[in-house]
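Trainee: next come a sequence and a model predicted from it.
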Amino acid sequence: MATELEVGDKAPPFALPDQSGAPVKLKDFIGKQVVLYFYPKDSTSGCTKESCDFRDAITPIKKAGGVVLGVSFDGQKSHQKFIEKFALPFTLLCDEDKVAATAYGVYKEKSMYGKKYWGIERSTFVIDKTGKVKAIFRKVKVDGHVDDVLAALKA
């Protein structure tokens, strides 16, 4: 199993298809700060609120030199609907093979109503302009999260 990522580590590279099937690589964003947020599922209550909070903060995020990328196990059609329904102004990546989630250590055993299953632990990574991890937020609570991310971008 991969070791837990820490601040200062080189961010694991990835190449994932976006909502339209175009390949997106982390290295495409060298020179920008990347807000890489992993969320469990399109159009569920917590994920919708988190994504809309990032949408509503996109101007200050961009001012801080940031780019937002959302990642879940959902496919392109699901991402397209999610983006259209909530007017999300950023890219959503399809990690259907769980490669990025595994590399970032967010593919975890979870428990709901006494049942154990594997899924994404809501987490956000802020990656600096050189590709190093600048901030890590694990087990994210959605309320107020975007403010913490903005503070990390500006730090």
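Mentor: Cool, the structure landed. Residues are numbered from 1 along each chain as shown.

Trainee: may I have the beta-bridge partners of the residue nearest the centre of the chain?
Mentor: Geometric centre of the chain, nearest residue: residue 37, 1.6 Å, by C-alpha atoms, centre = their mean. Taking DSSP bridges as the rule, residue 37 bridges to residue 70, residue 124.

Trainee: what about the helices in this structure?
Mentor: Under the criterion DSSP state H, the chain contains helices at 45-56, 58-63, 76-86, 99-103, 145-154.

Trainee: which residues does the second one contact?
Mentor: If I follow you right, that is helix 58-63. Contact with helix 58-63 is made by 35, 54, 67, 68, 89, 90, 149, 150, 153, as judged by C-beta atoms under 8 Å, 6 or more residues apart in numbering. Backbone N, C-alpha and C define where each C-beta goes, glycine included.

Trainee: pull up the pairing partners for the worst-scoring helix or strand of the chain on mean pLDDT, direction included.
Mentor: Least confident helix or strand, the chain: strand 107-112 with a mean of 89, by mean pLDDT, DSSP states H and E. As defined by DSSP bridges, the strand partners of strand 107-112 come to strand 115-120 (antiparallel).

Trainee: contacting residues around the strand it pairs with?
Mentor: Counting by C-beta under 8 Å, 6+ apart, 38-40, 71-73, 101, 106-111 sit against strand 115-120.
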